Structure formats: C-alpha cells, structure tokens
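K.L.:
Show me how the following folds:
(chains A and B)
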Amino acid sequence: MEIAAITDWECCWDRDSIAMGDCPNIGEGDEDLLSSRSRRILEKCCECENFKRDMVRFRDSGHPLAPVFSILHADYRRQKTQIQSLANFLDTKTLEVRFLHELGSVLQSSVDLDEVLSVALTAITAGKGVGMNRAFLLLADKERHILKGHLAIGPRSAEEAGRTWQEIESGDQDLQGLSQLFLKDKLTAERNKFHDILERLIVPLDDEQHIISRALEERKPILVTDAFHRQDLDIDFARLLGVDTFLVLPLITRNRRVGAIIADNFITHRTITEQDMRSIETFTFPVAFAIERASLYERVQEEVDKLRQANLRLQEQQEQLVRMEKMALVGRITSSIAHSIRNPLMVIGGFARSILKNTPDNDPKRTFIESIVTEARQLEEVLGEILTYSDALFPTCDFWDPNQLVESSLRDVQERAVAQDYTCRFHAGEQLPAVYIDFKQTTYCIRNILLSTIDGLHNGFIDISTRAERDHVDVRIVDRNRTLSEDELEALLTPFTETCEMGSGLNMALSRSMLDKQNIPLVVVAPPEGGVTYTIKLPTRKEEQPHEQIAGS
Amino acid sequence: MSRLLVVDDEANIRLLYSEELADEGYTVETAANIAEAVEKLGQQSFDLAVLDIKLKNESGIELLQKIVKERHDMPVILCSAFSCYKDDFSAWLADSYVVKSGDLTELKEEIKRVLAKKSQRRAAGM
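P.N.:
Sure, this is the predicted structure:
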C-alpha cells in the first residue's frame, strides 16, 4: 500500500488537536498535550502501542524512509531511557547528599556520646537513611586494647520489625526526630535487648586476622557474604550475629581507631549491594569524628568535674585555714590585750576591796566602791574567758570514754539546768570505742553548747546521745526549743559577735576553735522549721593534728 | 610572823600586795625585778616568795629556778595573768600557782596553805 493512500492511522500523531479520550496515554493533567501536536508526539506517541502498529504499517508500505525512521525512533527511545536512568541516579544522589547533610548537622550539634551514637545507628537503620535492619556498634577500649560491643539497634524478630517499622512509617519523622526518640525512649531498652550479643562482641585490637581488624587496617568497609562457610572468618562470630551476610564499617579518625559498625538485614534478608556499602561508607568518617569528639568531651567533662571537686575541697581547706589563722591571730591578740588589762584591773579591783574593807556600812560611798568591785570582777571573768580562748590553741589529747565525757559535761551544767527546769536526757551508746581527744577542752565545748542551749529559756528538754560510726563517735545534742536563721547560725559560730537569740557568741566560737584545733568536726544544723542539732564527731584513732603548726607558728 | 617577798614589775601591784598581806599579819618586802629580788634574798631570810612570771623583759620562772637551786626550804607561789603557765613544766617547780585577780582571797589562802605545809615538813624533820 502506498503511504499516501493510508488515512486510518491508529495513533493520533497526524492530527493537530485531539479530544480527551482519543489517546489512551493522555489523562487528567495532560490537557495541554491535546492541542500541542509536537509535544504529544515526543512525550506520548513514541511509547504508544497504536503508534508502534502505525510504524509497522509504515515499514510494510515499502517507503524508502521507513528504515531510516525506524533507526531514529529506536535511538531516540534508547537515549530517553538513558536520560531517565541518569535522572534517577541524580535523584538518589540528591537524597543521599541531603541525608548526609542532615546527618552531619545533627552530629555536629551534639557532644553527648549517647546522642551521637543514637544518631549514627538510627541513620543506618532508618528507611530514610540506608535502611539496614540492624546495626551493632563496637567502641575501642584503648586501655584494654579491645573493641567492645557498646550499642545495637534493630528488631530481633519479624513481628517486632513489623511493629517498629509501622510505627516509624506513621510518625513521618526526620533523622533528628527519630534519633531523639531513640535516645529518649529506646536507648537503654535496645542496649538491654542486645545485651547477650553486645557482651560477647569483644575483639582484641591486635587480632590481625579478625574481620573487624582487617576492615580497620584496610580503612574501608568489608561486605561479608557466606559467613558460615568462610575459612577466613571466625564461625563463632558469624553465629553470634546469626546472619551469613553483613557489612563491617571501620570508624577511624586520622590515625585513631574509634570503633566499628556491623550492619545486616537480619529480618528482610535483602541483598546488601555495593551501592548500600558506598552509601554507608560516606558517613562513617563524620560518625567516627563525632564519636571521638563526644568521647573526648565526656573525658574532659570528667576531668572538669574532678577539677571542680578539687577546687571545692581547696576552697573549703582555704576557708578553714583562714579561719584557723584568724583564730590563732585572735588568740594572740586577745592574750596580749588580756595581760595588759589584767594588771590594772587587778589593781583597781584589789584597792577597791581594800577600801571597802575599811569603809563603814553606813558610808554613802560604800555603794560606789561595791560597784567598782563588782564591775572589776565581771571584767576579770570576761578576761578569763578570753584567755581560755587563746589557751584553746594548745590541746593535749589522749584516749577517753565518750560516755564519761558527756556525763562529766552534764554534771557541770546540772545545777543550771535544774534552776531553769531543763531536763537533759542522755542516751548513751553501748560498747563505744575510746575517743582520742583533749578531755578538758572537749568537756568545755559540750558544756558550752549545753549552756548556750538553755541560756535564757525555761522548762525544756535537751537530748544528748552518743553513737559509734565508722571511724568516729558522734555526740549529738538536739535542742528542739530554738529556731535560728542562717545569719544567726553564722554569727553563733563567729567569735565576738552576738546573736539576739543566744547572747555572747564567744563561747560557741571558742568551742568551735577548740574542736578545730583537735581536728574534730562540729556540725551545726538549724533547719528553717526549727530546732538546732549539734554533732561533734570524735575521732577513735590517733591522727596527725594538722592545725598544730598553725597554732604554734 | 612570816616574812614574804613579793616580786612584781608593777608598782601598784606591789603596793596592793603589801597592804593586803600586811593586813593578814605578814611582813612584806617587795622587789621590782630579779636583781632586786636576788639582792634582798641575799640580805634577809624569807618564809615565802610570791613571784610574777612576766617581769618586763625578765622571766619570773628564771628567778624561780634560782630560788629552788639556792634556797630549797623557801616555798614559792607563782602569780600571773596567764593561766596557760599552769601547764608549763618549769612552773611546776613552784609550790603553787595563782592567776592574778583583784580578789586576793585565793592568793591569801594559798599562802596560808603553803606556809602550813612548810611548817609540817619542818616539824616532821624533812
């Protein structure tokens, strides 16, 4: 048949415009092709079955251009397929680059090791990432020269896999969202779930034959296939993983072996392709770098914590040193002042007494002289107290029974307590070890605390108890009748200050100074809800007295 | 009547001791420093000495050692503003130790006690 005689072409290529339904390949959304003949031919006709049949009729017509046209048509189709393939490749690479960018951003934003690991393993197993079923992370323990299983992610059964993947699918989260979810809700659970495998995933770093060592040595991933039958692979290692195909990814930064990742498709058994391996390989460096950075940060944090603790201890010791220096200085100054004052005071008091002796009872001046005697005596008492304070810098220690110590102190305050209707209840601990103390000074301190406690109050209780602790005996005095503010508590323990509640602060400060000198802690706790508890920790062992040098200097 | 030697660098204290102890019936001699005390001890005999420990730039302990060395039979009472000397081994050479006070009752009682002890020792031939 001559070509000019054919008019009933099946395809619509010979018409300028067509109606919807005339072409089986044109549907909704392609309306503009109905009136554009050239676009319709290029985009639809070349692939249409009707067109192919028209082409057969054209070839059969014997027209000389028919073979030429056939060649052009075939080449056009081949090129179109190639372009499509390239476009698909570019799409894949674009997704990969986007994913890497996202992964890099997330990894760079964190210095928390667990978070970094969560991101890394989520990236390997998430469908939006590489989409492997499981991933195991081994970290290098440089002290022990081993790689050790640290974390794993993935399902252990098909049922769990279905559930988890459905959950992830419905959540529509990005990589950061998924890894945060994993870190928050699943990290510990996953670690426990894979505990049996992780604890056995131990590879000596010097075992050069091990597949992981080889990957680290060669600095590139290794795709292991037929794992159960390979001569160069430890069969137990393959059995532990339970798969015959897996991927080993070395984690290396510069020249440091950070660890390794093992990934597999334990559930789906999907073939691990070269493409999968290349995809994972691209992000092993940022992952290794982030892990190392997080590990270093963790170590730095540990050192910072240690430093902070050391600094705190130093600060405490410095404060104690300053306090002791102040105490020693105060002791020296008060001792010197007291001596200078005592002699004239003694003369004033002494002569006043002499005059008083020779003054008749009805002499009006007698009252004045009596006042001088009384005031001089009071001043002498204050001086005595101040001198005792400076004496406190020189304790003489020996072993004593702690209950005897408390009983002796109680005897000293008994009279005063009875006068003020105060009851001192002593709960003596049994079988207490001897304590190494200056008996006289420590008794003085306990007595001071008791006297300060009952000072100005009537009708109350004080509970005193002794109890053995690990290397000391606690003497605890509980006063439930007072409430002290923080300022009052501070003032209570500072020499030469007064609290409105507890009178002269010297006694308590003196007690603290005496105990400090013996290296005996005095802990005073005054909670806002009321009550004051004094705890004196008496040592049961003879130890170096670190403050002696300060006092003696 | 017992004879007492009071050694103190403070003139008013020497005066106070003299007055008060004379009222108690003692004969009182005073000295302001070690040299003066040694001179008086060389010239007269005393039943008891009351020594201040801090004598300006001198030490009453030094005088105490001298007395103990040369006059075994004369008791010494140390008198000081510092109670801490009670624990000083050198002060243990003294027969008694009294902390200075305007109230001389304790000093007077100690003088009586120490002198009585001395008499007992003499009576016993020690």
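K.L.:
tell me which residues of stretch A:450-463 are tucked away?
P.N.:
A:450-454, A:460, A:462 (16 or more other CB atoms under 10 Å in any protein chain shown). All C-beta spots, glycine's among them, are computed from the backbone N, C-alpha and C.
K.L.:
With stretch A:403-418 instead?
P.N.:
A:403, A:405-406, A:408-410, A:412-413, A:417.
K.L.:
Just the element for residue 67, please.
P.N.:
This is for chain A. Assigned by DSSP states H and E, residue A:67 belongs to helix A:66-108.
K.L.:
looking at chain B here, not the other one
P.N.:
According to DSSP H and E, residue B:67 maps onto helix B:60-70.
K.L.:
confidence score at the residue nearest to the spatial centre of chain B?
P.N.:
What sits nearest the mean C-alpha location of chain B, by CA atoms, centre = their mean, is residue B:50, with 1.5 Å. pLDDT, residue B:50: 95.
K.L.:
Is it within a helix or a strand, and which one?
P.N.:
If you go by DSSP H and E, residue B:50 is part of strand B:48-52.
K.L.:
how close does residue B:66 get to chain A?
P.N.:
23 Å (CB to the nearest CB, to the nearest Å).
K.L.:
now that residue, nearest residue through space, not along the chain?
P.N.:
Leaving aside its chain neighbours, residue B:66 sits nearest to residue B:38 (6.9 Å; criterion: CB to CB, 6 or more residues apart in numbering or on different chains).
K.L.:
returning to what we had before: just after the helix holding residue A:67, pick out the following helix or strand.
P.N.:
Taking DSSP H and E, what comes next after helix A:66-108 is helix A:113-125.
K.L.:
That next one - contacts with which helices or strands?
P.N.:
If contacts are counted by 3 or more CB pairs under 8 Å, 6 or more residues apart in numbering or on different chains; DSSP states H and E, helix A:113-125 sits against helix A:66-108, strand A:134-141, strand A:146-153, helix A:175-181, strand A:256-264, helix A:274-357.
K.L.:
Same list, these, but as JSON lines with distance to chain B please.
P.N.:
Shown next, in JSON lines, are these (distance: least, CB to the nearest CB, whole Å):
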{"stretch": "helix A:66-108", "distance to chain B": "69"}
{"stretch": "strand A:134-141", "distance to chain B": "61"}
{"stretch": "strand A:146-153", "distance to chain B": "65"}
{"stretch": "helix A:175-181", "distance to chain B": "70"}
{"stretch": "strand A:256-264", "distance to chain B": "66"}
{"stretch": "helix A:274-357", "distance to chain B": "2"}
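K.L.:
which residues are contacting the longest helix anywhere in chain B?
P.N.:
Using DSSP state H, we find that the single longest helix of chain B is helix B:105-123. Here helix B:105-123 makes contact (CB atoms under 8 Å, 6 or more residues apart in numbering or on different chains) with B:2, B:4, B:20-21, B:24, B:26, B:47-48, B:50, B:73, B:75, B:77, B:79, B:95-96, B:98-99, B:101.
K.L.:
And that helix, what's buried?
P.N.:
Residues of helix B:105-123 classed as buried by neighbour count (16+ other CB under 10 Å): B:107-108, B:110-111, B:114-115, B:118.
K.L.:
nearest to residue A:143, of these?
P.N.:
Nearest to residue A:143 among the buried residues of helix B:105-123 is residue B:110, at 74.3 Å by CB to CB.
K.L.:
Find the residue closest to the closest one in space, skipping its chain neighbours.
P.N.:
Residue nearest to residue B:110 in three dimensions, not counting chain neighbours: residue B:96, with 4.6 Å by CB to CB, 6+ apart.
K.L.:
and what of residue A:157?
P.N.:
In space, residue A:157 is closest to residue A:267, 7.8 Å off (CB to CB, 6+ apart).
K.L.:
Okay, the one you found and residue A:154: tell me how far apart.
P.N.:
Distance from residue A:267 to residue A:154, counting by CB to CB, to the nearest Å: 8 Å.
K.L.:
Looking only at neighbour counts, state which of these two leads.
P.N.:
The neighbour comparison of residue A:267 against residue A:154 (other CB atoms under 10 Å in any protein chain shown) goes to residue A:154, with 23 against 20.
K.L.:
For that one, give me its contacts.
P.N.:
By CB under 8 Å, 6+ apart, the contact list for residue A:154 reads A:125, A:132-135, A:161, A:266-267.
K.L.:
Show me which pair in those residues is furthest apart.
P.N.:
Among those, A:135 and A:161 lie farthest apart (CB to CB), at 13.7 Å.
K.L.:
Counting neighbours, go ahead and name the busier of the two.
P.N.:
Higher neighbour count among residue A:135 and residue A:161: residue A:135, with 24 against 17, using other CB under 10 Å.
K.L.:
so how far is residue B:45 from that one?
P.N.:
Taking CB to CB as the measure, residue A:135 and residue B:45 are separated by 108 Å.
K.L.:
ok, back up a step: reformat the buried residues of stretch A:403-418 as CSV; add distance to residue A:60.
P.N.:
Shown next, in CSV, are the buried residues of stretch A:403-418 (distance: CB to CB, whole Å):
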residue, distance to residue A:60
A:403, 125
A:405, 126
A:406, 125
A:408, 131
A:409, 128
A:410, 129
A:412, 133
A:413, 131
A:417, 131
